[in-house]
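Novice: Sequence plus the predicted model coming up.
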Amino acid sequence: MNVDFTPDPALYPFESRWFDSSQGRVHYIDEGDGPPILLCHGNPTWSFLYRDIVVALRERFRCIAPDYLGFGLSERPSQFEYKIDGHARVVGEFVDHLGLDGYLTMGQDWGGPISMAVAVQRAERVRGIVLGNTWFWPADTLTMKTFSRVMSSPPMQYAILRRNFFVERLIPAGTARRPSATVMAHYRAVQPSAAARRGVAEMPKQILAARPLLARLAGEVPATLGAKPTLLVWGMKDVAFRPAAMTPRMRATFPDHVLVELPRAKHFIQEDAPDRIAAAIIERFG
(Lines give C-alpha, C1' and ligand atoms only; values in the text may rest on other atoms or scores of the structure.)
Protein backbone atom coordinates (compact mmCIF):
# COMPACT_ATOMS: atom_id res chain seq x y z
CA MET A 1 0.00 0.00 0.00
CA ASN A 2 0.97 3.62 -0.52
CA VAL A 3 0.20 6.69 1.58
CA ASP A 4 -1.62 9.47 -0.22
CA PHE A 5 -0.45 12.67 1.46
CA THR A 6 1.16 15.87 0.23
CA PRO A 7 3.22 17.67 2.88
CA ASP A 8 2.75 21.40 3.40
CA PRO A 9 5.52 23.10 1.33
CA ALA A 10 5.81 25.81 3.98
CA LEU A 11 6.91 23.16 6.50
CA TYR A 12 8.55 20.66 4.14
CA PRO A 13 9.94 22.71 1.23
CA PHE A 14 11.55 19.78 -0.58
CA GLU A 15 11.13 17.81 -3.76
CA SER A 16 9.97 14.23 -3.22
CA ARG A 17 12.17 11.60 -4.88
CA TRP A 18 11.82 7.84 -5.17
CA PHE A 19 14.08 4.79 -5.16
CA ASP A 20 12.83 1.35 -6.19
CA SER A 21 14.58 -0.95 -3.72
CA SER A 22 14.48 -4.74 -3.89
CA GLN A 23 11.72 -4.68 -1.25
CA GLY A 24 9.59 -1.70 -2.23
CA ARG A 25 9.51 1.95 -3.22
CA VAL A 26 11.42 4.29 -0.90
CA HIS A 27 10.63 8.00 -0.63
CA TYR A 28 13.47 10.40 0.08
CA ILE A 29 14.64 14.00 -0.19
CA ASP A 30 18.02 15.07 -1.61
CA GLU A 31 18.63 18.78 -1.04
CA GLY A 32 21.59 21.10 -1.42
CA ASP A 33 25.20 20.78 -2.54
CA GLY A 34 28.41 19.93 -0.76
CA PRO A 35 29.54 16.96 1.31
CA PRO A 36 26.70 14.42 1.56
CA ILE A 37 25.01 13.74 4.90
CA LEU A 38 22.62 10.81 5.30
CA LEU A 39 19.89 11.52 7.87
CA CYS A 40 18.27 8.43 9.42
CA HIS A 41 15.05 8.74 11.43
CA GLY A 42 13.58 6.51 14.13
CA ASN A 43 10.10 5.49 15.24
CA PRO A 44 7.36 6.67 14.45
CA THR A 45 8.94 9.52 12.49
CA TRP A 46 10.08 10.07 8.89
CA SER A 47 12.26 12.48 6.90
CA PHE A 48 9.89 15.27 8.02
CA LEU A 49 11.64 15.08 11.43
CA TYR A 50 14.79 16.54 9.83
CA ARG A 51 13.05 19.38 7.96
CA ASP A 52 14.54 22.30 9.95
CA ILE A 53 18.01 20.73 10.01
CA VAL A 54 17.91 20.25 6.23
CA VAL A 55 16.86 23.87 5.67
CA ALA A 56 19.73 25.03 7.92
CA LEU A 57 22.35 22.77 6.27
CA ARG A 58 21.50 22.68 2.57
CA GLU A 59 23.58 25.75 1.70
CA ARG A 60 26.69 23.79 2.77
CA PHE A 61 25.79 20.10 2.64
CA ARG A 62 23.93 17.70 0.38
CA CYS A 63 21.20 16.51 2.76
CA ILE A 64 19.72 13.09 2.01
CA ALA A 65 16.88 11.79 4.17
CA PRO A 66 15.00 8.58 3.31
CA ASP A 67 11.77 7.27 4.79
CA TYR A 68 12.10 3.59 5.69
CA LEU A 69 9.62 1.21 4.13
CA GLY A 70 6.46 1.44 6.26
CA PHE A 71 7.25 5.03 7.28
CA GLY A 72 6.58 8.48 5.89
CA LEU A 73 5.69 8.50 2.20
CA SER A 74 7.43 5.20 1.43
CA GLU A 75 5.56 2.10 0.36
CA ARG A 76 4.12 -0.42 2.86
CA PRO A 77 4.93 -3.73 1.11
CA SER A 78 2.80 -6.59 2.47
CA GLN A 79 5.64 -9.12 2.19
CA PHE A 80 8.22 -6.97 4.04
CA GLU A 81 8.79 -7.95 7.70
CA TYR A 82 9.83 -4.46 8.94
CA LYS A 83 12.71 -5.88 10.98
CA ILE A 84 15.78 -3.76 11.61
CA ASP A 85 18.16 -5.85 9.53
CA GLY A 86 15.69 -5.54 6.63
CA HIS A 87 15.55 -1.76 6.98
CA ALA A 88 19.37 -1.65 7.08
CA ARG A 89 19.64 -3.72 3.89
CA VAL A 90 17.23 -1.39 2.07
CA VAL A 91 19.04 1.76 3.28
CA GLY A 92 22.33 0.13 2.22
CA GLU A 93 20.92 -0.46 -1.27
CA PHE A 94 19.84 3.19 -1.30
CA VAL A 95 23.32 4.46 -0.32
CA ASP A 96 24.88 2.29 -3.03
CA HIS A 97 22.29 3.43 -5.58
CA LEU A 98 23.22 7.08 -4.91
CA GLY A 99 26.92 6.18 -4.97
CA LEU A 100 27.56 8.07 -1.72
CA ASP A 101 31.24 8.41 -0.89
CA GLY A 102 32.88 10.53 1.77
CA TYR A 103 29.50 10.82 3.42
CA LEU A 104 28.48 11.83 6.92
CA THR A 105 25.92 9.63 8.60
CA MET A 106 23.46 10.80 11.25
CA GLY A 107 21.08 8.65 13.28
CA GLN A 108 18.70 9.16 16.19
CA ASP A 109 16.52 6.54 17.91
CA TRP A 110 16.41 3.50 15.55
CA GLY A 111 18.34 5.62 13.05
CA GLY A 112 21.42 4.85 15.16
CA PRO A 113 21.48 1.06 14.70
CA ILE A 114 20.23 1.33 11.11
CA SER A 115 22.80 3.95 10.08
CA MET A 116 25.58 2.03 11.87
CA ALA A 117 24.60 -1.28 10.22
CA VAL A 118 24.86 0.47 6.84
CA ALA A 119 28.13 2.24 7.74
CA VAL A 120 30.09 -0.75 9.07
CA GLN A 121 29.74 -2.38 5.65
CA ARG A 122 30.89 0.81 3.88
CA ALA A 123 33.39 2.14 6.42
CA GLU A 124 35.87 3.36 3.80
CA ARG A 125 33.13 5.58 2.34
CA VAL A 126 32.12 7.15 5.68
CA ARG A 127 33.69 10.53 6.43
CA GLY A 128 32.22 11.08 9.88
CA ILE A 129 29.47 10.14 12.29
CA VAL A 130 26.68 12.03 14.04
CA LEU A 131 24.64 10.21 16.69
CA GLY A 132 22.09 11.46 19.21
CA ASN A 133 19.72 9.80 21.67
CA THR A 134 20.31 6.35 20.27
CA TRP A 135 22.36 3.17 20.74
CA PHE A 136 23.86 0.28 18.73
CA TRP A 137 24.31 -2.58 21.21
CA PRO A 138 21.96 -5.17 22.77
CA ALA A 139 19.43 -3.57 25.12
CA ASP A 140 21.11 -3.54 28.51
CA THR A 141 18.96 -1.22 30.62
CA LEU A 142 15.79 -2.19 32.45
CA THR A 143 14.05 0.81 30.82
CA MET A 144 14.68 -0.45 27.29
CA LYS A 145 13.89 -4.09 28.03
CA THR A 146 10.67 -3.20 29.84
CA PHE A 147 9.63 -0.79 27.09
CA SER A 148 10.12 -3.52 24.47
CA ARG A 149 8.16 -6.13 26.44
CA VAL A 150 5.28 -3.78 27.29
CA MET A 151 4.99 -2.38 23.75
CA SER A 152 5.07 -5.93 22.31
CA SER A 153 2.11 -7.03 24.47
CA PRO A 154 -1.27 -7.55 22.74
CA PRO A 155 -2.98 -4.54 24.41
CA MET A 156 -0.17 -2.17 23.43
CA GLN A 157 0.13 -3.61 19.92
CA TYR A 158 -3.61 -2.93 19.59
CA ALA A 159 -3.06 0.65 20.81
CA ILE A 160 -0.19 1.18 18.36
CA LEU A 161 -2.03 -0.30 15.37
CA ARG A 162 -5.59 0.89 16.08
CA ARG A 163 -5.10 4.05 18.14
CA ASN A 164 -1.82 5.31 16.61
CA PHE A 165 -0.34 5.33 20.13
CA PHE A 166 3.24 6.11 19.09
CA VAL A 167 2.24 9.25 17.20
CA GLU A 168 -0.53 10.44 19.53
CA ARG A 169 1.26 9.80 22.83
CA LEU A 170 5.00 9.31 22.38
CA ILE A 171 5.74 12.26 20.09
CA PRO A 172 4.17 14.79 22.51
CA ALA A 173 5.81 12.99 25.48
CA GLY A 174 9.21 12.97 23.72
CA THR A 175 9.33 16.68 22.88
CA ALA A 176 10.13 19.54 25.23
CA ARG A 177 7.71 21.87 23.46
CA ARG A 178 4.55 20.27 22.20
CA PRO A 179 4.55 20.16 18.38
CA SER A 180 2.01 22.41 16.68
CA ALA A 181 -1.25 21.00 15.36
CA THR A 182 0.13 21.23 11.81
CA VAL A 183 3.30 19.34 12.72
CA MET A 184 1.29 16.64 14.50
CA ALA A 185 -0.96 16.40 11.43
CA HIS A 186 2.13 15.56 9.34
CA TYR A 187 3.08 12.70 11.66
CA ARG A 188 -0.53 11.51 11.79
CA ALA A 189 -1.22 11.68 8.05
CA VAL A 190 1.51 9.19 7.07
CA GLN A 191 0.14 6.57 9.50
CA PRO A 192 -3.54 6.64 8.45
CA SER A 193 -4.57 3.06 9.28
CA ALA A 194 -3.61 -0.09 11.16
CA ALA A 195 -2.24 -1.55 7.91
CA ALA A 196 -0.01 1.50 7.47
CA ARG A 197 1.39 1.16 11.02
CA ARG A 198 2.93 -2.31 10.78
CA GLY A 199 6.44 -0.86 10.68
CA VAL A 200 5.77 1.34 13.71
CA ALA A 201 4.36 -1.64 15.66
CA GLU A 202 7.33 -3.89 14.83
CA MET A 203 10.11 -1.55 15.97
CA PRO A 204 9.53 -1.80 19.75
CA LYS A 205 9.57 -5.60 19.42
CA GLN A 206 12.91 -5.29 17.65
CA ILE A 207 14.61 -3.74 20.71
CA LEU A 208 14.86 -7.32 22.01
CA ALA A 209 14.30 -9.30 18.80
CA ALA A 210 17.16 -7.62 16.91
CA ARG A 211 19.66 -8.75 19.54
CA PRO A 212 21.80 -10.72 17.03
CA LEU A 213 22.25 -7.63 14.84
CA LEU A 214 22.86 -5.35 17.84
CA ALA A 215 25.41 -7.81 19.27
CA ARG A 216 27.25 -7.77 15.95
CA LEU A 217 27.19 -3.97 15.84
CA ALA A 218 28.55 -3.78 19.40
CA GLY A 219 31.77 -5.29 18.07
CA GLU A 220 31.83 -4.00 14.50
CA VAL A 221 31.12 -0.32 15.19
CA PRO A 222 34.20 0.22 17.42
CA ALA A 223 36.36 -1.93 15.13
CA THR A 224 35.45 -0.33 11.80
CA LEU A 225 34.16 3.15 12.70
CA GLY A 226 35.71 3.93 16.08
CA ALA A 227 38.46 6.13 14.61
CA LYS A 228 36.06 8.32 12.61
CA PRO A 229 35.51 11.93 13.65
CA THR A 230 32.23 11.93 15.55
CA LEU A 231 29.66 14.38 16.82
CA LEU A 232 27.37 13.35 19.67
CA VAL A 233 24.28 15.55 20.13
CA TRP A 234 22.30 14.56 23.20
CA GLY A 235 18.90 15.63 24.48
CA MET A 236 19.57 15.77 28.21
CA LYS A 237 15.90 15.42 29.23
CA ASP A 238 15.32 12.14 27.34
CA VAL A 239 14.01 9.46 29.73
CA ALA A 240 14.47 6.68 27.15
CA PHE A 241 18.16 7.34 26.36
CA ARG A 242 19.34 8.93 29.57
CA PRO A 243 22.68 10.65 29.05
CA ALA A 244 24.28 9.12 32.16
CA ALA A 245 23.47 5.62 30.91
CA MET A 246 24.30 6.11 27.23
CA THR A 247 26.95 8.76 26.58
CA PRO A 248 29.88 7.08 28.41
CA ARG A 249 29.76 4.12 26.02
CA MET A 250 29.37 6.42 23.02
CA ARG A 251 32.35 8.51 24.11
CA ALA A 252 34.49 5.42 24.69
CA THR A 253 33.59 4.01 21.26
CA PHE A 254 34.54 7.19 19.37
CA PRO A 255 37.65 8.77 20.97
CA ASP A 256 37.70 11.56 18.34
CA HIS A 257 34.34 12.96 19.40
CA VAL A 258 32.71 16.24 20.31
CA LEU A 259 29.74 16.01 22.70
CA VAL A 260 27.11 18.73 22.43
CA GLU A 261 24.57 18.63 25.24
CA LEU A 262 21.08 19.89 24.43
CA PRO A 263 19.98 20.89 27.94
CA ARG A 264 16.23 21.18 27.38
CA ALA A 265 15.74 18.66 24.57
CA LYS A 266 13.92 15.39 25.17
CA HIS A 267 13.93 12.34 22.86
CA PHE A 268 13.03 13.93 19.51
CA ILE A 269 16.05 16.23 19.40
CA GLN A 270 15.38 17.27 15.79
CA GLU A 271 12.07 18.82 16.93
CA ASP A 272 13.49 20.38 20.09
CA ALA A 273 16.91 21.71 19.01
CA PRO A 274 17.28 21.69 15.19
CA ASP A 275 19.26 24.95 15.01
CA ARG A 276 21.74 23.86 17.68
CA ILE A 277 22.22 20.49 15.97
CA ALA A 278 22.74 22.10 12.56
CA ALA A 279 25.24 24.57 14.02
CA ALA A 280 27.15 21.72 15.68
CA ILE A 281 27.32 19.79 12.38
CA ILE A 282 28.63 22.88 10.57
CA GLU A 283 31.18 23.51 13.32
CA ARG A 284 32.41 19.91 13.33
CA PHE A 285 32.29 19.04 9.64
CA GLY A 286 31.57 22.21 7.65
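Specialist: Yep, that arrived. Residues are numbered from 1 along each chain as shown.

Novice: rest of the way, CA atoms for contacts and neighbours
Specialist: Noted.

Novice: Tell me which residues of the helix or strand harbouring residue 158 come out buried.
Specialist: Per DSSP states H and E: residue 158 is located in helix 154-163. By neighbour count on 16 or more other C-alpha atoms under 10 Å, the buried set for helix 154-163 is 156-161.

Novice: Please list the residues outside that helix that contact it.
Specialist: With contacts defined as C-alpha atoms under 8 Å, 6 or more residues apart in numbering, helix 154-163 is touched by 150-151, 165-166, 193-195, 197-198, 200-201.

Novice: Just the buried residues of these.
Specialist: By 16+ other C-alpha under 10 Å, the contacts of helix 154-163 give 151, 165-166, 194, 197-198, 200-201 as buried.

Novice: thinking again about what came up before, export the contacts of helix 154-163 as a markdown table, with columns for pLDDT, secondary structure and distance to residue 9.
Specialist: As requested, the contacts of helix 154-163 are exported to a markdown table (pLDDT from 0 to 100; DSSP: H, G, I helix; E, B strand; the rest coil; distance: C-alpha to C-alpha, whole Å):
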| residue | pLDDT | secondary structure | distance to residue 9 |
| --- | --- | --- | --- |
| 150 | 98 | helix | 37 |
| 151 | 98 | helix | 34 |
| 165 | 98 | helix | 27 |
| 166 | 98 | helix | 25 |
| 193 | 97 | coil | 24 |
| 194 | 97 | coil | 27 |
| 195 | 96 | helix | 27 |
| 197 | 98 | helix | 24 |
| 198 | 98 | helix | 27 |
| 200 | 98 | helix | 25 |
| 201 | 98 | helix | 29 |
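
Novice: tell me the phi and psi of residue 250?
Specialist: phi -60, psi -50 (degrees, to the nearest 10).

Novice: Show the contacting residues for it.
Specialist: Contacts of residue 250 (C-alpha under 8 Å, 6+ apart): residue 232.

Novice: Next one: it from residue 219, what distance?
Specialist: According to C-alpha to C-alpha, to the nearest Å, residue 250 and residue 219 sit 13 Å apart.

Novice: Please apply the same query to residue 172.
Specialist: Taking C-alpha to C-alpha, one finds residue 172 at 34 Å from residue 219.

Novice: Which one's more surrounded, the two?
Specialist: residue 172 (16 against 12; other C-alpha atoms under 10 Å).

Novice: Contact partners for the more buried one?
Specialist: Residue 172 touches 178-179, counting by C-alpha under 8 Å, 6+ apart.

Novice: Am I right that it is in a helix?
Specialist: Yes: per DSSP: H, G, I helix; E, B strand; the rest coil, residue 172 lies within a helix segment.

Novice: Just want the angle from the helix or strand hosting residue 147 to helix 154-163.
Specialist: Assessed by DSSP H and E, residue 147 sits inside helix 142-152. Counting by axes from the mean of the first three to the mean of the last three C-alpha atoms, to 10 degrees, helix 142-152 lies at 70 degrees to helix 154-163.

Novice: Which elements pack onto helix 142-152?
Specialist: Applying 3 or more C-alpha pairs under 8 Å, 6 or more residues apart in numbering; DSSP states H and E, we find helix 142-152 packed against helix 198-209.

Novice: Other residues contacting the helix it packs on?
Specialist: Counting by C-alpha under 8 Å, 6+ apart, 43-44, 69-71, 82-84, 138-139, 144-145, 147-149, 151-152, 157, 160-161, 166 sit against helix 198-209.
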